[in-house]
Each structure stands twice: as structure tokens, then as C-alpha cells.
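**Student:** Prediction below, plus the sequence it came from.
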Amino acid sequence: MQSRSPRQEEVEIEVILPDGHKEILKVRQKNFPVAAYGIYLPIPGIIIDHTTSDIVSGHFLFRFHEGDVEKFLSRYSGISRIGEFDVTAFMRMLAKIAYAFAAAELKSNDFHPILRDLVLARAPNAAYLSYLVGGDGETAPTLKGNFTNRVEIWDHVINGATYTVVSIQLFGFMGMPKYQVVVRKRCHD
């Protein structure tokens, strides 16, 4: 994927050989398939009036351009692992994107975000991640197209209070799911 970092010519991946021995293999980056990781998450707990919970449930998702992985596997066999996926870090990344987007869009004196401590990892956030960060309730992506990323903002009434919600879809061209992040409770209506 495009990055501001100097381009690496090779990436290292762990492979398991037919005899069960693990080895690190250097692969030219141009031969490595473009892949996107994600997770189908339930709707944020606050939106569906659930209490906070330190349990995050979801379904892991790995997408790639059709044919890329098959082409890659035909050159390199015995792949055990391509990478790791940290659900908490992924949800915190979504919170950071939503926080930054809302701060730039709202430019308001009443911007008192309720997820600031989650973004900064200052709160016992396991209980609040799934409360404020989640999916849109769809089992399949609702937004598809040629776009890479899409971010939208709107207000949502929850138990008579107005909250600002940011919707995020990353790697839309690969059919990744859409996420919702509850950013703030409005102080003034």
C-alpha cells in the first residue's frame, strides 16, 4: 500500500516448510498481494441501549484482489501467517479517525468528545470500546465503489440525547465493512 515511508523492496513473512520447520522468507513487495484486514462488529452498545462490556465480539475479515493470493501462493508455498490483527488497536484506530474527522468538521465550542480517553488509551477502555465503536449492523458492506475511504458525520438521538456519530469505511474498493463511532454527546441543542 502507498505510504509516506521510504518504499521497502522486500517484506518478511513467516512460512512453515513441509517438514513443519518455521522460516522467515523475504518476498519482493511487488509480489506480495494487496490485502485488507477488518472485522464485522456489532452496532455500538450505546446506540442499541446496551450497557458497557469488556467483551468485543465480531467476525474477522480478510480481503484481497481476486487472483492475487492464488498467484502469490503459486510462487511461495507453505505460508503459515501473513500478519497479526489486534482488535483493540483496530477499534482504537477507528476512534482516532472519527475523533479527528469530527474535530475538523465541527469546529465547535461545545465539542466535548466522549471517547478522548479511549483514543489516548487513558481509560480502562475495554469496557467502552464496544460501547462507542462498532459496525453498522450489516453482514455485508453497504457501500461499494471505486473509492478508497469514506467518512461521514451525522447526529443520532439516543434516549432523548443527541450524539454525533461518525461513519467510516476503509478500503471500500475491496468491499470492507462500514463502522460507526459515537464521538460526542451534544451539550446544546
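**Tutor:** Thanks, I have it. Since this is a predicted model, take the numbers as computed values, not measurements. Numbers count the residues shown, from 1 in each chain.
**Student:** And stretch 12-21, how far out from the chain middle?
**Tutor:** Here the centre of stretch 12-21 is set off from its chain's centre by 29 Å, with CA atoms, centre = their mean, to the nearest Å.
**Student:** and the helix ranked longest in the chain, what does it pack onto?
**Tutor:** Across the chain, the helix with the greatest residue count (assigned by DSSP state H) is helix 87-106. On a contact count with 3 or more CB pairs under 8 Å, 6 or more residues apart in numbering; DSSP states H and E, helix 87-106 meets strand 35-40, helix 116-119, helix 126-132, strand 133-135, strand 149-158, strand 161-170, strand 178-185. To be clear about C-beta, it is placed using only N, CA and C from the backbone, and glycine gets the same treatment.
**Student:** so what's the most centrally placed residue in the chain up against?
**Tutor:** Centroid-nearest residue in the chain: residue 90, 4.8 Å away (criterion: CA atoms, centre = their mean). Residues in contact with residue 90 (CB atoms under 8 Å, 6 or more residues apart in numbering) are 37-39.
**Student:** that older thread, the helices and strands packed on helix 87-106 into a markdown table, with extra columns for mean pLDDT and distance to residue 71?
**Tutor:** Listed next are the helices and strands packed on helix 87-106 as a markdown table, based on pLDDT from 0 to 100; distance: least, CB to CB, whole Å:
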| stretch | mean pLDDT | distance to residue 71 |
| --- | --- | --- |
| strand 35-40 | 81 | 13 |
| helix 116-119 | 77 | 39 |
| helix 126-132 | 80 | 37 |
| strand 133-135 | 92 | 31 |
| strand 149-158 | 89 | 26 |
| strand 161-170 | 90 | 24 |
| strand 178-185 | 89 | 29 |
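**Student:** which one of these has the most crowded surroundings?
**Tutor:** Comparing those on average neighbours per residue, with mean count of other CB atoms under 10 Å, the densest one is strand 133-135 at a mean of 25.
**Student:** Name every sheet partner of it and say whether each one runs parallel or antiparallel.
**Tutor:** The strands beside strand 133-135 in its sheet (DSSP bridges) come out as strand 178-185 (antiparallel).
**Student:** Please enumerate residues in contact with the strand it pairs with?
**Tutor:** Under CB under 8 Å, 6+ apart, the answer for strand 178-185 is 41, 43-44, 46-47, 94-95, 97-99, 102, 111-115, 132-136, 138, 141-143, 150, 153, 156, 158, 161-169.
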